[in-house]
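**Student:** Sequence and predicted structure are below.
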Amino acid sequence: MAEGRGSASSQVMVLGLATIMCVLTMTTQPTFGASYTVGGAGGWTFNVVNWPNGKSFRASDVLAFNYASSLHNVVAVNKGGYRSCNPQSGAKVFQSGKDTIKLNKGLNYFICSIPGHCQAGMKIAVNAA
């Protein structure tokens, strides 16, 4: 006897595939993280050095840096660049005024390299788990 539409074996296969898809959907982690606006409503400006305090960051979270591009920038630096307020050679400079940067696992350091700005607290260190 030939199998027709809606046969039992077709229905079992569809049910099996649906079950597998449900299990995969429930057990996989999303690949995107949370988004944070650095400095809150005030944006990337002076005295944001303490902005990360009390927040829990994870690798793949995104930091949004909002600022006047004619006045500031964002530079991803290493620990030495953060402490000295001097970017290392080859440091990535962002200048759009609306930069989004995905966090890497571990410590992430950012400064404004306009003279005097980093020293005035325009720098953050973010630890992403």
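**Tutor:** Thanks, I have the structure now.
**Student:** ok, what's across the strand from the closest residue to residue 93 other than its chain neighbours?
**Tutor:** Nearest residue to residue 93 in three dimensions, chain neighbours excluded: residue 75, at 5.1 Å (C-beta to C-beta, 6 or more residues apart in numbering). All C-beta atoms are positioned from the backbone trio N, CA, C, and that covers glycine. Note on residue 75: beta-bridge partners by DSSP bridges are residue 93, residue 111.
**Student:** Now for residue 75: which residues touch it?
**Tutor:** 81, 87, 91, 92, 93, 94, 110, 111, 112, 113 (C-beta atoms under 8 Å, 6 or more residues apart in numbering).
**Student:** what does residue 35 give?
**Tutor:** Applying C-beta under 8 Å, 6+ apart to residue 35 gives the contacts 61, 62, 63, 64, 100.
**Student:** What of residue 48?
**Tutor:** 38, 39, 42, 121, 122, 123, 124.
**Student:** wait, what's in contact with the fifth one?
**Tutor:** Neighbour list for residue 122: 44, 45, 46, 47, 48, 49, 72, 111, 112 [criterion: C-beta under 8 Å, 6+ apart].
**Student:** ditto for the fourth one
**Tutor:** By C-beta under 8 Å, 6+ apart, the contact list for residue 121 reads 46, 47, 48, 49.
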